[in-house]
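Peer 1: Turn this into a model:
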Amino acid sequence: MFKQFRYIFLVIFIASFSVARAQRDTLSQEVEVTKAYKPTISDANKLNSMPTIEETEHQKPTFNYNINSVPVFSTFSVNPLKAATIETTKPTTSKGYGLVRAGVGSYFKPYGEVFFNNVNSKNSVFGIHAKHLSSFGNIKLEGGDKVDAPFMKNEIEMFLKYMFQNSVLSVNLDYKNDAFNYYGYPLNAVPEALLEDDQTINYFGTKQAFNKGGFNIALKNPTAEMDEAAFGFNFDYNYFGTKTDQREHFANFTANIRQPFQIGVGLLDAGVQYTMADKITPRSDSVVGNRSQTWLFAKPAWYIGNETANLKVGVNAWFIMESDEDSQAKITPNIRGNWAPVKEIINIYAGIDGNYQSNHYSKVAYENPFVNPDHDLKNTFEKIRFYGGFDGKLSNKTNFKVSAEYSIIDDQAFYYLNETYYYNAAYNPAPLIVDNTFAVLYDNMNRLKLNAEVFHASSDKLDLLASVNYYSYKLDEQTEAWNMPVWDANLSIGYKVNEQLSLSADIFLIGQRKALIIEEASLFSSSGPIYKSNNLDTAFDLNVKGNYQITSKFSVFAQLNNFGFQKYQKWFGYPVQSFNFLAGVSYAF
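Peer 2: Below is the predicted model of the structure:
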């Protein structure tokens with residue numbers, strides 16, 4: 001316990017010192033309102049998977065479950081903290097069109113990325129983004145074996161935004177390819193003789209690939225005030241396929257309606273979602289087949305008040321029709337109150353709501369890529385969530401947020417590994433073999449989450465973001481919330497040394513987690529399954545980046561990843577690459 005709080009204290013101490021130093025600066029600067037992409041990349045062995053668009057504009061890192069680009073995850077998303085207000089003057093005239101980046105790194109890692117962004121049109125913006133990142137290195141497992149752990153990440157995206165009147169119509173096309181190996185195992189390797197006799201014992205060394213393509217069409221009115229009528233919609237379609245032959249169609253349409261009345265404002269989010277997955281093993285049947293779900297949902301609410309004090313009262317409702325189960329309906333409250341005793345300085349809020357979460361095939365695959373490929377998960381129902389907190393500004397440059405929430409959740413999914421006796425004439429007694437793909441069990445859970453964040457935005461010299469989360473779990477049957485941390489924290493700092501050189505650092509900490517192996521009962525034993533708890537140590541990940549501007553268009557960059565030299569495990573049996581680097585050049589055009 002002392003070791004865990006030592007990590008948290010380190011993050012808070014560094015954040016406090018950096019904020020105090022940064023507040024000595026005065027905020028007077030020019031900010032480019034519309035500009036071309038100026039990205040920095042995130043390496044494959046880093047918690048925050050998406051590239052940030054500029055060193056001096058750090059976004060809150062989110063812990064999503066992306067393949068290979070996310071070695072460690074946080075089980076729950078963190079609410080974003082909006083940036084502090086920055087004074088602006090007239091935009092600069094230099095816009096440019098885009099950026100090309102290329103580099104190489106350790107673990108035989110090539111990298112290339114292209115950004116193109118045409119903002120010269122008066123009413124539209126067109127952009128293209130393409131990226132390749134791969135690695136062909138080896139990783140040393142806990143048992144001592146060095147194994148091939150290659151991965152490849154390709155993506156291409158095209159988008160168009162068209163502005164007319166007060167609305168923005170956006171169209172987005174994208175395709176992603178993520179390839180990797182089931183390279184790990186948690187304890188001992190499978191004996192070679194068994195692999196020769198039966199390759200289906202586990203997926204060790206098997207290649208997997210995810211392919212996802214789709215489009216999004218959305219209409220929004222970002223300038224409309226709360227007391228103005230507005231209509232918008234969002235339509236998503238994605239096709240997802242795997243190398244192991246699973247396929248999924250996903251479609252979602254949501255309409256957003258806002259209508260003011262003499263007293264208050266009516267709000268409605270409503271729509272339909274459809275998913276169909278093929279070549280999976282449905283929970284209701286052991287035969288490989290398909291499963292489809294159709295969701296109808298509506299979230300009506302009534303809003304009264306103003307910017308200083310307001311109240312929203314409504315409900316969230318879902319009606320779900322499934323191909324292999326009975327139809328069901330779910331409903332939760334949706335209530336939130338806000339009060340700003342000092343306008344734009346501090347805001348106090350509290351609310352009650354809930355959520356019915358669709359655990360469709362591609363969502364689970366990206367959440368845990370090492371889950372059994374024919375998985376079919378139950379949906380998770382957050383029956384009720386109580387939340388509250390306050391946020392505000394410490395200065396024009398510095399925002400903060402403190403919040404707490406308590407959720408009551410049914411059918412929370414937990415991942416575990418099976419351990420089974422394999423009977424073979426060459427082995428007596430029969431060996432116990434642990435699978436290297438995860439199965440799923442469920443439990444009802446109560447969860448408490450406490451969060452504190454500080455964001456400091458000073459485009460002159462220093463940017464800083466610090467966040468700490470604490471979690472407490474209470475379960476009906478399980479002894480632990482498997483794979484879920486008790487706490488996590490992160491600290492991101494960007495510092496501009498001079499006009500040519502900028503540096504940044506990210507520190508990520510994930511508290512100790514518990515992983516589960518279930519030993520199945522032997523044919524010669526009357527006892528039931530045996531639950532075996534295993535520790536996943538606290539993860540410490542330090543990443544340092546630097547960018548040197550040689551000319552107005554040409555620059556060089558370097559990244560040192562996992563600078564703490566820690567080979568922590570993102571999932572039990574799957575350690576990440578140790579210290580690695582990436583370096584290259586950038587050209588703006």
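Peer 1: Quick check: phi and psi at residue 367.
Peer 2: Main-chain torsions, residue 367, degrees, to the nearest 10: phi -70, psi -50.
Peer 1: tell me the pLDDT at it?
Peer 2: For residue 367, the pLDDT comes out at 95.
Peer 1: how close does residue 185 get to residue 575?
Peer 2: 11 Å (C-beta to C-beta, to the nearest Å). Just so you know, the C-beta spots here come from the backbone N, C-alpha and C atoms, and that holds for glycine as well.
Peer 1: same check, this time on residue 502
Peer 2: When C-beta to C-beta is the yardstick, residue 502 and residue 575 sit 32 Å from each other.
Peer 1: re earlier: between residue 185 and residue 575, which one's more packed in?
Peer 2: More neighbours sit around residue 185 than around the other of residue 185 and residue 575, counting by other C-beta atoms under 10 Å; the figures are 24 against 20.
Peer 1: A helix includes the more buried one, no?
Peer 2: No - using DSSP: H, G, I helix; E, B strand; the rest coil, the assignment for residue 185 is coil, not a helix.
Peer 1: Which residues are in contact with it?
Peer 2: Under the criterion of C-beta atoms under 8 Å, 6 or more residues apart in numbering, the contact list for residue 185 reads 141, 143, 202, 204, 434, 436, 573.
Peer 1: Now the residue nearest to residue 553 when sequence neighbours are not counted. Its backbone dihedrals?
Peer 2: Counting by C-beta to C-beta, 6 or more residues apart in numbering, residue 588 is the residue found nearest to residue 553 once chain neighbours are left out, at 4.7 Å. Note on residue 588: its backbone torsions stand at phi -90, psi 140 [degrees, to the nearest 10].
Peer 1: bridging residues for residue 588?
Peer 2: Going by DSSP bridges, residue 588 is paired in beta bridges with residue 99.
Peer 1: how many other residues sit next to it?
Peer 2: 20.
Peer 1: Could you list the low-confidence segments of the stretch 351-500 of the chain?
Peer 2: Along the stretch 351-500 of the chain, segments meeting pLDDT under 70 span 425, 459.
Peer 1: Can you show me the strands along it?
Peer 2: Remark: strands assigned in the stretch 351-500 of the chain by DSSP state E, counting those that start in this stretch are 380-393, 398-421, 432-434, 439-457, 462-475, 487-496.
Peer 1: that older thread, identify the contacts common to residue 185 and residue 575.
Peer 2: In terms of C-beta under 8 Å, 6+ apart, residue 185 and residue 575 are both contacted by the residues residue 141.
Peer 1: By mean pLDDT, which helix or strand of this structure comes out lowest?
Peer 2: Per-element confidence for the chain was summarised using mean pLDDT, DSSP states H and E. The lowest value among helices and strands belongs to helix 2-22, with a mean of 44.
Peer 1: I'd say residue 386 and residue 405 touch.
Peer 2: Yes - in this structure residue 386 lies within contact range of residue 405 using C-beta atoms under 8 Å: 6.6 Å.
Peer 1: Neighbour count for the two, which is higher?
Peer 2: Set side by side, residue 386 and residue 405 show unequal neighbour counts under other C-beta under 10 Å, the larger going to residue 405 at 18 against 14.
Peer 1: got a list of what the more buried one touches?
Peer 2: Counting by C-beta under 8 Å, 6+ apart, residue 405 has contacts 385-388, 448-449.
Peer 1: Let's have those in JSON lines, adding distance to residue 399.
Peer 2: Supplementary listing: the contacts of residue 405 in JSON lines, determined by distance: C-beta to C-beta, whole Å:
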{"residue": "385", "distance to residue 399": "24"}
{"residue": "386", "distance to residue 399": "24"}
{"residue": "387", "distance to residue 399": "19"}
{"residue": "388", "distance to residue 399": "18"}
{"residue": "448", "distance to residue 399": "24"}
{"residue": "449", "distance to residue 399": "20"}
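Peer 1: what's the closest of those residues to residue 101?
Peer 2: When those are compared for distance to residue 101 (C-beta to C-beta), residue 449 wins out at 36.8 Å.
Peer 1: I figured the closest one hits residue 468, correct?
Peer 2: No - in this structure, residue 449 sits apart from residue 468 without contact. The criterion is C-beta under 8 Å, and the distance is 11.2 Å.
Peer 1: Retrieve the pLDDT associated with residue 273.
Peer 2: The predicted structure lists residue 273 with a pLDDT of 98.
Peer 1: How many neighbouring residues does it have?
Peer 2: Burial of residue 273 is recorded as 19 neighbouring residues (other C-beta under 10 Å).
Peer 1: Show residues contacting the helix or strand harbouring residue 179.
Peer 2: Here residue 179, judged by DSSP states H and E, is contained in strand 167-181. Identification of contacts with strand 167-181 by C-beta under 8 Å, 6+ apart yields 66-68, 148-163, 205-222, 232, 243, 369.
Peer 1: Which neighbours in the sheet does that strand have, and how are they oriented?
Peer 2: With DSSP bridges as the test, strand 167-181 is paired with strand 151-164 (antiparallel), strand 207-220 (antiparallel).
Peer 1: This structure: helices as residue ranges?
Peer 2: Listed from the start of the chain, the chain has helices (DSSP state H) covering 2-22, 192-197, 361-367.
Peer 1: which other residues reach the last one?
Peer 2: When contacts are taken as C-beta under 8 Å, 6+ apart, the neighbours of helix 361-367 outside the stretch itself are 64-67, 210, 212, 238, 240, 242, 246, 248, 250, 275, 277, 280, 371, 375-377, 413.
Peer 1: Under the pLDDT cut-off, which ranges of this structure? List them.
Peer 2: Low-confidence segments of the chain (pLDDT under 70): 1-95, 193-200, 425, 459, 523-526.
Peer 1: Residue 399 versus the closest residue to residue 414 other than its chain neighbours, what's the distance?
Peer 2: For residue 414, ignoring the flanking residues on the chain, the nearest one in space by C-beta to C-beta, 6+ apart is residue 482 at 4.2 Å. Summarising the geometry, the distance separating residue 482 from residue 399, computed by C-beta to C-beta, is 35 Å.
Peer 1: same deal with residue 173?
Peer 2: Remark: distance between residue 173 and residue 399 (C-beta to C-beta) = 34 Å.
Peer 1: more crowded one of those two?
Peer 2: Neighbours per residue (other C-beta under 10 Å) separate residue 173 from residue 399, with residue 399 holding more: 21 against 14.
Peer 1: My guess is residue 579 contacts residue 562. True?
Peer 2: Yes - with contact taken as C-beta under 8 Å, residue 579 and residue 562 are classed as touching, separated by 5.2 Å.
Peer 1: Perfect, I'm done here.
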